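Q: Fold the following for me, if possible:
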Amino acid sequence: MTTDSPPRIRERRDDLVVLRPQGLYCPPGDFYIDPWRPVDRAVITHAHGDHARMGHGHYLSAAPGEGVLRTRLGPIDLQSLAYGESIVHHGVRLSLHPAGHVLGSAQIRLEHEGRVWVASGDYKFMTGPDVDPTCPPFEPVRCDVFITESTFGLPIYRWRPQREIFAAIDAWWRSNVDNERASVLFCYAFGKAQRVLAGIDASIGPVFCHGAVEPLNRAYREAGVALPATTLVSEVTDKSLFRRGLVLAPPSAAGSTWMRRFGDYSDAFASGWMLLRGARRRRGLDRGFVLSDHADWPGLHAAIAASGAERVIVTHGQVPVMVRWLSENGLDAEAFETEYGDEAEGLAEPSADPAATEAGT
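A: The predicted structure follows:
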């Protein structure tokens, strides 16, 4: 087996999830999971644009993420379920369980005729002090077949404790305040920005947000997530305030005319990709902070082991490496060729996001 050619899945007659041109399909239930083309019924794991797209007839998602999903997609026919609540559709018992990725992220548990499958969507596996305060932590769900992501599915990806990362962000911010420079931190508008807000020391100075970030902050607050006060950048009239402030902006803002208002500034990027040598240099950034909302290499394997599954299907990320490692360690491992991953770690912003641009800039 080569590392760049994972085996295609051997579709079996009783599979609960199969690959179709529209996306991942549940034949007995007649619905799709995170489809990338319009379908009648879509079950959504979370509201990132590569998993939640416009155009479906009916949406089902976890209740905590309802506000974010509506913020991103606008008026949709949406049904929501509390975590752990189950419904039966065409004989398939379906329930949603925390994935720990972002607010409202869920693993999809499917049960039919004694078989149990779990589709994880995106997830991070964290415990103890590293649990993300902005969303419930990953909840292991026992199953026969586990469908997993593998965004950071290489042994080099091992995250440091998040308290160390936030301490480093705070130290960088304080240094910039001492030197009267604005601190501009690029991070994904949904999920990463709110995690940063919850982890920083907001007593250092005021916090400002790009127009792609602030609507998501509101959705988090409305869902009961505690975040420090923030101000929309376009509402600031005294630009001297930026010299003490932290500015959160999506990666798409880098190098744009929007940045001119800050005068002298230091910029940084919060992403798991910052672990790669040269990633910060290629982006021309002053700093890089390794902070990811996806599971690292040990986290992926811990989640897979906790599922108890003997068969594992990998959907996106470092697919060939993960399939080979799992196969060599005694699991029945295969891959789905999906269209997920374009928004991994905020490397691309969704053009269809109604909050993607800031009014007046």
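
Q: shaky segments in this structure?
A: Across the chain, the ranges flagged by pLDDT under 70 are 1-8, 342-361.

Q: What ranges does it have for its helices?
A: Taking DSSP state H as the test, the helices found in the chain are 66-73, 162-178, 192-199, 214-222, 279-283, 297-307, 319-328.

Q: how close does residue 45 sit to residue 34?
A: For residue 45, the distance to residue 34 (C-beta to C-beta, to the nearest Å) stands at 5 Å. (Each C-beta comes from the backbone N, C-alpha and C, glycine too.)

Q: ditto for residue 205
A: For residue 205, the distance to residue 34 equals 39 Å [C-beta to C-beta].

Q: Those two: who's more crowded?
A: residue 34 (24 against 19; other C-beta atoms under 10 Å).

Q: Show the contacting residues for the more buried one.
A: Counting by C-beta atoms under 8 Å, 6 or more residues apart in numbering, residue 34 touches 23, 24, 42, 43, 44, 45, 51, 52, 119, 121, 340.

Q: go again using 6 Å as the cut-off
A: Taking C-beta atoms under 6 Å, 6 or more residues apart in numbering, we find residue 34 in contact with 45, 51.

Q: Tell me the spacing between it and residue 109.
A: Note on residue 34: its distance to residue 109, by C-beta to C-beta, is 15 Å.

Q: what does residue 96 give?
A: Distance of residue 96 to residue 109, computed by C-beta to C-beta: 7 Å.

Q: Of the two, give the one with the bigger neighbour count.
A: Ranked by neighbour count (other C-beta under 10 Å), residue 96 and residue 109 place residue 96 first, with 30 against 19.

Q: Please name the nearest non-neighbouring residue to the more buried one.
A: residue 106 (3.9 Å; C-beta to C-beta, 6 or more residues apart in numbering).

Q: got it, and residue 338?
A: Using C-beta to C-beta, 6+ apart, the closest residue to residue 338 is residue 315 (4.7 Å).

Q: Is that neighbour in contact with residue 336, as I believe?
A: Yes - between residue 315 and residue 336 there is a contact at 5.0 Å, judged by C-beta atoms under 6 Å.

Q: Of those two, give the one with the bigger neighbour count.
A: Remark: of residue 315 and residue 336, residue 315 carries more neighbours, 26 against 20, as counted by other C-beta under 10 Å.

Q: show me the residues around that one that make contact.
A: Here residue 315 is in contact with 149, 336, 338, 340 (criterion: C-beta under 6 Å, 6+ apart).

Q: Residue 43 now?
A: Residue 43 touches 31, 33, 60, 108, counting by C-beta under 6 Å, 6+ apart.

Q: Count the neighbours of the first one for me.
A: This means residue 31. Neighbours of residue 31 under the rule other C-beta under 10 Å: 24.

Q: ok, what's across the strand from it?
A: residue 26 (DSSP bridges).

Q: Ok, the third one next?
A: Beta bridges link residue 60 to residue 43, residue 79, judged by DSSP bridges.

Q: Going forward, the N-terminal residue is numbered 29.
A: Noted, 29 is the first residue going forward, which turns the last one into residue 88.

Q: Touching, it and residue 107? I think so.
A: Yes - Residue 88 is in contact with residue 107 according to C-beta under 6 Å; the separation is 5.0 Å.

Q: which one of the two has more residues nearby?
A: Of the pair residue 88 and residue 107, residue 88 is the one with more neighbours under other C-beta under 10 Å, namely 22 against 13.

Q: where's that one relative to residue 174, distance?
A: In terms of C-beta to C-beta, residue 88 sits 20 Å off from residue 174.

Q: Next, the buried residues of stretch 148-168.
A: For stretch 148-168, the neighbour count (16 or more other C-beta atoms under 10 Å) marks 148-154, 158, 160, 162-166, 168 as buried.
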